[in-house]
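Chemist: Next comes the sequence, and after it the predicted model I'd like to discuss.
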Amino acid sequence: MSVVGRILARQAKLPPAETRTVTVEKDLPITTPDGVVLLADHYAPQGIGARPTVMTRSVYTDRTKGFFMSELIAERGFHVLVVSGRGTCGSGGELDPFVSERDDGLAVLAWLKRQPWFNGVLGTTGASYLGYTQWAIAAQAGPMLRAMSTQLTSSDFRSMVYPGDALSLEIFLGWIGMVHHQERPMLSYLSALVRGTRRRTAAARRLPVAEADEVALGTVVPHWREWLAHERADDPWWVRGDHSATVAAVTAPNHLVGGWRDFMLPALIRDYRELRRAGREPYLTIGPWSHWDTEASLTSTREGLLWLRAHLLGDRTGLREAPVRIHLGGAGEWLDLDRYPPPGVQPQSLRLQPGGALAPAMPPESEPDRLSYDPADPTPDPQPPPQVIGIRRAHGERVLRNRADVLTYSGEPLPEDLDVIGVPRALLHVSSEAPSADFYVRVCDLAPSGKATHVSDGLQRFTPLPASAEFGLWPTAYRFRRGHRIRVQITAGAFPRWDRNPAAGVRLVHHDPARPSAVLLPVLEP
């Protein structure tokens with residue numbers, strides 16, 4: 001095993017290896033029905049008899065640069081098959097991310113069944129894109145798929161790219177650059193990402209936004225242009241990349257791992273709930289992580305491997321008893337639960353009041369509050385930029401101060417601790433002369449010192465207006481301490497996390513008895 005592999009195994013607290021002898025077959029060809037040849041590597045543990053197979057499929061360099069991860073899994077009792085997606089790392093065809101993964105995945109499964117070392121038992125694991133490729137085949141894999149662990153991911157492509165029906169600009173502008181440069185030598189790759197920050201910063205402001213690829217990378221990126229050409233949710237173009245409708249049909253046990261600050265968390269929670277509604281018993285782990293945090297990666301690796309050993313090898317020694325483990329923000333502790341959210345959670349409405357107040361009571365007759373929005377100076381996102389692929393920008397509480405496109409509402413000091421566990425929701429009654437408008441809602445914990453801590457947020461693009469709509473904010477688990485206040489901010493956008501709405505003008509947020517805008521918090525009753 002490589003030195004990097006040994007260090008990673010220790011950091012991730014992996015179970016002991018069963019063998020230190022692993023053979024590797026490189027660049028195995030797998031032909032898809034349309035004639036494209038995908039390349040795969042096979043890692044085979046030696047001296048421990050016939051074993052199940054763990055498969056990962058990726059458009060990243062997992063096969064060519066991340067081989068130590070495959071070695072770690074193989075040493076712990078599995079054959080490992082790592083497949084490079086089309087157009088990446090030597091595989092044929094053109095890179096067409098997300099939309100081709102079902103068909104290509106089923107072709108890989110057909111090939112796998114013919115291999116003499118495959119014993120008919122399959123597991124899958126992996127984070128982000130490697131999690132998405134699991135969902136792409138899970139419902140059609142049949143009884144050979146005995147376990148899976150989908151981490152920091154979603155079963156639906158569009159929900160990643162257009163959360164709230166607005167473009168996830170900063171994330172995916174950075175993502176296309178990351179994939180564009182990834183096959184360079186490591187130092188050159190990292191240098192390109194760092195040096196690309198200035199170009200991505202300029203690209204984020206490019207209009208039309210479809211041309212941002214040329215500014216960021218100096219070339220047209222076909223899949224970026226496709227995503228921008230098919231922005232509407234009802235466009236049938238998205239169907240090939242949407243596997244959410246088949247989640248309930250997946251019977252393979254699943255351990256889902258996410259982070260409270262991960263941009264895919266709302267979709268991961270949706271997938272978890274679908275499995276629960278279908279009568280499955282998934283595991284769920286959520287920590288205080290973003291998509292790129294090292295601890296998220298280490299936890300995902302460990303939990304995925306323990307899950308596969310439990311369900312493919314019958315070794316449950318590393319499997320915890322509670323199906324749900326989540327980190328409770330504001331308290332700094334972990335909770336073991338039977339499900340998320342736990343029993344006893346009830347929605348508590350906090351309604352917007354005139355004068356910037358926030359209270360459970362119905363608001364009195366009052367004039368709506370005004371947001372004056374200018375797309376030439378779009379409302380900034382207060383959250384920090386994503387690691388590595390973000391753009392250069394200010395963030396934090398200061399970016400929202402003294403702006404005409406920000407509204408702030410604060411509640412009274414809490415008489416006792418308040419645990420909010422679940423998916424908060426926003427109910428907005430809004431109007432504008434503009435044909436379309438974005439409304440970003442943010443829930444914060446306001447300490448007596450005046451320090452604000454971010455708890456949950458979400459954005460929804462409203463078309464047409466006026467409108468009344470209820471939409472989900474970020475899933476959370478957070479303890480508001482006694483004496484703290486709950487603060488809600490409503491803004492006209494969150495750029496560049498989401499793309500700017502091009503329609504200038506005044507937006508109105510109503511709070512009267514007929515139109516009581518509010519946030520609904522999932523409160524755990526004492």
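Modeler: Ah, there it is. Worth saying up front: this structure is predicted, and the values here are computed from it rather than measured.

Chemist: going forward, measure contacts and count neighbours with C-alpha atoms only.
Modeler: Noted.

Chemist: What about residue 449, how many residues nearby?
Modeler: Per other Cα atoms under 10 Å, the neighbour tally for residue 449 reads 7.

Chemist: meant to ask about residue 229, not that
Modeler: 12.

Chemist: Also residue 520?
Modeler: Here the number of neighbours of residue 520 (other Cα under 10 Å) works out to 21.

Chemist: What of residue 197?
Modeler: By the criterion of other Cα under 10 Å, residue 197 has 18 neighbours.

Chemist: For residue 384, see how far away it is.
Modeler: Going from residue 197 to residue 384 by Cα to Cα, to the nearest Å gives 14 Å.

Chemist: Same question for residue 330.
Modeler: 19 Å.

Chemist: What of residue 43?
Modeler: As defined by Cα to Cα, residue 43 lies at a distance of 39 Å from residue 384.

Chemist: same question, residue 156
Modeler: Taking Cα to Cα, one finds residue 156 at 25 Å from residue 384.

Chemist: Where does the prediction get shaky in the stretch 1-150 of the chain?
Modeler: Applying pLDDT under 70 to the stretch 1-150 of the chain flags the ranges 1-2, 4.

Chemist: would you list every one of the strands in it?
Modeler: Using DSSP state E, counting those that start in this stretch, the strands of the stretch 1-150 of the chain run over residues 22-31, 37-45, 53-58, 79-84, 122-127, 145-151.

Chemist: So for residue 269, which of the ones you listed sits nearest?
Modeler: strand 145-151 (11.0 Å; Cα to Cα).

Chemist: gap between that closest one and the chain center?
Modeler: Here the centre of mass of C-alpha atoms in strand 145-151, compared against the chain's by Cα atoms, centre = their mean, to the nearest Å, lies 17 Å away.

Chemist: for it, packing partners?
Modeler: Judged by 3 or more Cα pairs under 8 Å, 6 or more residues apart in numbering; DSSP states H and E, strand 145-151 is in contact with strand 122-127, helix 129-138, strand 255-261, helix 294-312.

Chemist: List just the one of those that sits closest to residue 422.
Modeler: strand 255-261 (11.2 Å).

Chemist: Kindly indicate whether residue 193 is helix, strand or coil.
Modeler: helix (DSSP: H, G, I helix; E, B strand; the rest coil).

Chemist: residues touching it, list them.
Modeler: Residues near residue 193 by Cα atoms under 8 Å, 6 or more residues apart in numbering: 177-178, 181, 388-389.

Chemist: Could you pick out the buried ones from these?
Modeler: When these are checked for burial by 16 or more other Cα atoms under 10 Å, the buried set is 177-178, 181, 389.

Chemist: Can you name the residues that contact the residue of the chain most remote from its centre?
Modeler: Residue farthest from the centre of the chain, counting by Cα atoms, centre = their mean, is residue 365 at 40.2 Å. Listed by Cα under 8 Å, 6+ apart, the contact set of residue 365 reads 511-513.

Chemist: again, only using 10 Å
Modeler: The contact partners of residue 365, taken as Cα atoms under 10 Å, 6 or more residues apart in numbering, are 353-354, 510-516.

Chemist: now swap in residue 470 and tell me
Modeler: Residue 470 makes contacts with 425-429, 460, 517-520, as judged by Cα under 10 Å, 6+ apart.

Chemist: Show me those residues that map onto helices.
Modeler: Of the contacts of residue 470, none are assigned to helices by DSSP state H.

Chemist: ok, back up a step: for the residue farthest from the centre of the chain, which three-state class applies?
Modeler: Secondary structure state of residue 365, per three-state DSSP, is coil.

Chemist: coming back round to it: which one's more surrounded, residue 156 and residue 384?
Modeler: The neighbour count for residue 156 versus residue 384, taken as other Cα under 10 Å, is higher for residue 156 (24 against 13).

Chemist: which residue packs closest to the more buried one, ignoring adjacent ones?
Modeler: Among residues not flanking residue 156 along the chain, residue 242 sits closest, at 4.4 Å (Cα to Cα, 6 or more residues apart in numbering).

Chemist: close enough to count as contact, that neighbour and residue 133?
Modeler: No. Here residue 242 lies out of contact with residue 133, judged by Cα atoms under 10 Å, at a distance of 11.2 Å.

Chemist: most centrally placed residue in the chain?
Modeler: Centre-nearest of the chain using Cα atoms, centre = their mean is residue 264, 1.3 Å out.

Chemist: In contact with that residue: list those residues for me.
Modeler: Residue 264 is in contact with 128, 151-155, 159-161, 163, 258, 290-291, 474, counting by Cα under 10 Å, 6+ apart.

Chemist: Same list, those residues, but as JSON lines with neighbour count, distance to residue 32 and secondary structure please.
Modeler: Compiled in JSON lines, the contacts of residue 264 are given as follows (neighbours: other Cα atoms under 10 Å; distance: Cα to Cα, whole Å; DSSP: H, G, I helix; E, B strand; the rest coil):
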{"residue": "128", "neighbour count": "17", "distance to residue 32": "23", "secondary structure": "coil"}
{"residue": "151", "neighbour count": "35", "distance to residue 32": "26", "secondary structure": "strand"}
{"residue": "152", "neighbour count": "30", "distance to residue 32": "28", "secondary structure": "coil"}
{"residue": "153", "neighbour count": "31", "distance to residue 32": "25", "secondary structure": "coil"}
{"residue": "154", "neighbour count": "30", "distance to residue 32": "24", "secondary structure": "coil"}
{"residue": "155", "neighbour count": "27", "distance to residue 32": "22", "secondary structure": "coil"}
{"residue": "159", "neighbour count": "20", "distance to residue 32": "27", "secondary structure": "helix"}
{"residue": "160", "neighbour count": "20", "distance to residue 32": "26", "secondary structure": "helix"}
{"residue": "161", "neighbour count": "20", "distance to residue 32": "27", "secondary structure": "helix"}
{"residue": "163", "neighbour count": "19", "distance to residue 32": "32", "secondary structure": "helix"}
{"residue": "258", "neighbour count": "31", "distance to residue 32": "32", "secondary structure": "strand"}
{"residue": "290", "neighbour count": "21", "distance to residue 32": "35", "secondary structure": "strand"}
{"residue": "291", "neighbour count": "23", "distance to residue 32": "31", "secondary structure": "coil"}
{"residue": "474", "neighbour count": "24", "distance to residue 32": "38", "secondary structure": "coil"}
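
Chemist: ok, so of the residues you listed, who is nearest residue 84?
Modeler: When the contacts of residue 264 are ranked by distance to residue 84 (Cα to Cα), residue 128 comes first, at 14.7 Å.
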